[in-house]
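Engineer: Need the 3D shape of this:
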Amino acid sequence: MLPSQQDVLKWGMGPGNETVVAEFILEGFSGLDQRLQLFLSLLLLLIYLTTVMGNTMIIFLVCVDHRLQTPMYFFISNLAFLEIWFTSSTTIKLLMILSSGNRTISLSSCFAQSYFYFSLGVTEFALLVVMSFDRYVAICQPLHYAAIMKQQLCTRLVVAAWVISFTFLSYRLVLLSKLTFCGPNKIRHFFCDNSPLFKLSCSDSSLLWKVDSVFLSFVLLGSLCLVLVSYTCIFHCILHMSTASGRKKVFATCSSHLTTLAIAYGSCIVLYAQPSEDVSLETNRFVALLNTVLYPFLNPFIYSLRNKTVKLALKEAAGRAKVRLFPQS
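Structural biologist: The predicted model follows:
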C-alpha cells in the first residue's frame with residue numbers, strides 16, 4: 001500500500017522507495033500523569049530561569065567588579081556562560097514536551113541537539129581541567145602565579161577549549177548524516193542522546209558507536225586523570241603547610257571546584273563510561289536530568305553562596321541598583 005501524502009511528509013521516501021524517517025518522537029516522561037507533567041514543566045521552567053539568571057549574574061559580577069577580575073573568576077564566568085547554553089540545549093525542548101505535548105523533533109534538529117550537547121559537555125571538561133591547573137599554580141606555585149597565569153594565557157586556554165571541542169565533535173555530524181533511519185522513530189529519552197538514537201538506525205552504526213565510545217571515554221577519563229594529577233599535587237602542598245588555619249583557608253578555595261568536579265564526573269561516568277545495557281532507562285533519564293538541568297542550576301550557588309568575595313560583590317551591586325531605582329529612599 002502506498003503511503004499517504006501526510007505519511008510522506010512525516011517519513012519521506014528514500015532512493016529505493018523505502019520509507020525514510022524525517023522526524024523523531026521524543027518519549028520524554030510519557031509515563032507520568034498529565035497533571036504531574038504540568039507540575040514538572042512548571043518546576044523545570046523555574047529551575048531553568050533561575051539557572052540562566054544565576055549564571056548571568058556571575059558573568060555580570062566578574063565583568064563589573066575589579067576584585068573578581070582574576071584568572072580564577074575569569075574561568076568561573078566562562079563556565080557560567082557555558083552552563084547557560086548547555087542546559088538550554090536540552091531543557092527548552094523538554095519544556096515544550098511537558099507543557100504542550102509536542103514531542104516531535106526534525107532529523108536535522110535532533111542531530112544539531114546531539115552535536116551541541118556533546119560539544120558543550122566536552123568543552124566543560126576542558127574548562128574543568130584548566131581550572132584545576134589554575135588552582136595548582138595558585139597553591140603550589142604562588143610566587144609565580146601572576147607571571148604564569150597572565151590574561152593572554154587565560155584567554156588562549158579558554159578559546160582553545162571551545163574551538164578544539166567543537167572542531168573534534170564535528171565528526172558526529174558527518175557520521176550521523178551518513179546514517180539512514182527507516183524504522184521506528186520513537187527515541188526513548190527526553191533528548192537526542194547517542195545510545196537511543198543509534199539504536200533507531202537501520203544502517204550500520206557500528207563505526208559511530210566505536211568512535212563515540214573511544215572519544216568520549218578518552219575525554220572523560222583523560223580529563224579526570226589530569227584533574228587528579230593537579231589535585232594530588234595540591235593536596236600534597238596543603239598537607240605540608242605549617243598551620244592548620246592556612247590549610248583550611250587554602251582548601252576552602254578549592255571546595256567549590258571539587259563540588260563541581262564530583263557532580264560533573266559522577267553523572268557522566270554513570271551515563272557514558274559503561275555499556276548502555278548496564279544502565280536502566282529510568283536511571284539513564286534521571287542521571288541525564290541531573291546532568292543537564294540540576295547541575296547547571298547548582299553552579300551559581302556553588303560559586304556564589306560559598307564565596308565571600310562574590311557575596312560581597314553581589315551585595316554591593318544590589319545596593320547600587322537600589323540607589324538608582326529608588327534614589328529618594
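
Engineer: Quick one: neighbours of residue 159, just the number.
Structural biologist: Neighbour count of residue 159, defined by other CB atoms under 10 Å: 11. Quick note: C-beta positions are derived from backbone N, CA and C, even for glycine.

Engineer: ah, wrong one, I meant residue 93
Structural biologist: 21.

Engineer: Quick one: the strands in this protein, in order.
Structural biologist: 23-26, 104-106, 186-187 (DSSP state E).

Engineer: how far does the second one sit from the chain's center?
Structural biologist: Taking CA atoms, centre = their mean, to the nearest Å, the mean C-alpha location of strand 104-106 is offset from the chain mean by 22 Å.

Engineer: residues in contact with it?
Structural biologist: By CB atoms under 8 Å, 6 or more residues apart in numbering, the residues outside strand 104-106 that reach it are 22-26, 93, 113, 192.

Engineer: Just the buried residues of it, please?
Structural biologist: Applying a neighbour-count criterion of 16 or more other CB atoms under 10 Å, one finds residue 105 buried in strand 104-106.

Engineer: Relative to that strand, what are the paired strands and their orientations?
Structural biologist: strand 23-26 (antiparallel) (DSSP bridges).

Engineer: and the strand it pairs with, average pLDDT?
Structural biologist: Model confidence over strand 23-26, given as mean pLDDT, is 89.

Engineer: of all the strands of the chain, which lies closest to residue 307?
Structural biologist: Nearest to residue 307 among those is strand 23-26 (37.5 Å), distances taken as CB to CB.

Engineer: okay, the closest one in PDB with CA atoms only?
Structural biologist: What follows is strand 23-26, C-alpha atoms only, in PDB (Å, rounded to 0.1, in the frame of the first residue of the first chain):
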ATOM      1  CA  GLU A  23      11.300  13.400  12.200                       C
ATOM      2  CA  PHE A  24      11.600  11.700  15.600                       C
ATOM      3  CA  ILE A  25       9.300  11.500  18.600                       C
ATOM      4  CA  LEU A  26      11.000  12.100  21.900                       C
END
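
Engineer: chain center to that strand, what's the gap?
Structural biologist: Centre-to-centre, strand 23-26 and its host chain are 22 Å apart (CA atoms, centre = their mean).

Engineer: Repeat that for stretch 152-170.
Structural biologist: Between the centre of stretch 152-170 and the centre of its chain there are 16 Å (CA atoms, centre = their mean).

Engineer: Quick one: the strands of the chain as TSV, columns for distance to residue 34 too.
Structural biologist: Conversion of the strands of the chain to TSV gives the following (distance: least, CB to CB, whole Å):
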stretch	distance to residue 34
strand 23-26	17
strand 104-106	18
strand 186-187	19
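
Engineer: and residue 174, which of those strands is closest to it?
Structural biologist: strand 104-106 (18.6 Å).

Engineer: Surely residue 21 is in contact with residue 179?
Structural biologist: No. Residue 21 is beyond contact range of residue 179, at 10.2 Å (criterion: CB atoms under 8 Å).

Engineer: More neighbours: these two, which one.
Structural biologist: Set side by side, residue 21 and residue 179 show more neighbours around residue 21, with 21 against 18, by other CB under 10 Å.
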